[in-house]
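would you be able to build a 3D model of this:
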Amino acid sequence: DEQKIIWSLHSIMHEDVCHHFAFGITMEDMQLRLWLSNCVFLAVMEPINFFKNIDGVISLFYALGSVSSNLKNLRWDPTVEQIHDGEDFQYKFTIGNKVFIMTHELATYDTDSMVGHGTCVYKAMDAKEMKVALKDS
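Numbers count the residues shown, from 1 in each chain. You can find the predicted model right below:
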């Protein structure tokens, strides 16, 4: 289970440029664990028995809901929006008062490990269809 959750957290952050963090929960027998990953670290809490410590489980979900209510504090990038053009997913970048639509990836330099910042370069167009290159890191 540990390898699956680590792979899933890494995939979430790798596949979507909006994600700079991800969290997940594993349950095994009566044990529940919270996993948190961002570009800097991977953390996992000590397992808790979710039948014996229901107050702890409720507190955990309450805390996750509270933190998630302001995703910007978790490094969610509100200036990037994933859109679907009917065939593929693209990204809409808002920089200042200009909006750019990604047409395709030019280069991706990901980190091989779970932590670290990767860099992506995209070909994009503005509202006047002027082509630009955008770098996200």
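
can we go C-alpha only for contacts and neighbour counts from here?
Will do.

which residue is nearest the centroid of the protein?
H19 (2.2 Å; C-alpha atoms, centre = their mean).

wait, that one touches I12, no?
Yes. Counting by C-alpha atoms under 8 Å, I12 is a contact partner of H19 at 7.1 Å.

average pLDDT across the strand or helix carrying I83?
According to DSSP states H and E, I83 maps onto strand 80-84. The average of the pLDDT scores along strand 80-84 is 82.

chain center to whichever helix or strand comes after that strand: distance?
Remark: after strand 80-84, the chain's next helix or strand is strand 89-95, criterion DSSP H and E. Remark: strand 89-95 is offset 15 Å from the chain centroid, using C-alpha atoms, centre = their mean, to the nearest Å.

same check, this time on stretch 27-47
Centroid separation for stretch 27-47 versus its chain: 16 Å, with C-alpha atoms, centre = their mean.

do the same with stretch 51-58
Its chain's average C-alpha position is 27 Å from that of stretch 51-58, according to C-alpha atoms, centre = their mean.

now do the buried residues in the one helix or strand F100 maps to.
Using DSSP H and E, F100 maps to strand 98-109. Buried residues in strand 98-109, defined by neighbour count with 16 or more other C-alpha atoms under 10 Å: V99, F100, I101, M102, T103.

what's near enough to touch the first one?
Pointing back at V99 there. Residues in contact with V99, defined by C-alpha atoms under 8 Å, 6 or more residues apart in numbering, are K92, F93, D126, A127.

show me what the second one bridges to in the sheet.
For F93, the residues forming beta bridges with it (DSSP bridges) are V80, F100.

and the residue of the chain most remote from its centre, which of the three is it?
No residue in the chain sits farther from the centre than K52, which is 31.8 Å out by C-alpha atoms, centre = their mean. Following DSSP: H, G, I helix; E, B strand; the rest coil, we place K52 in the coil state.

residue numbering should commence at 23 henceforth.
Taking 23 as the first residue, the last one we looked at is K74.

cool, thanks, talk later.
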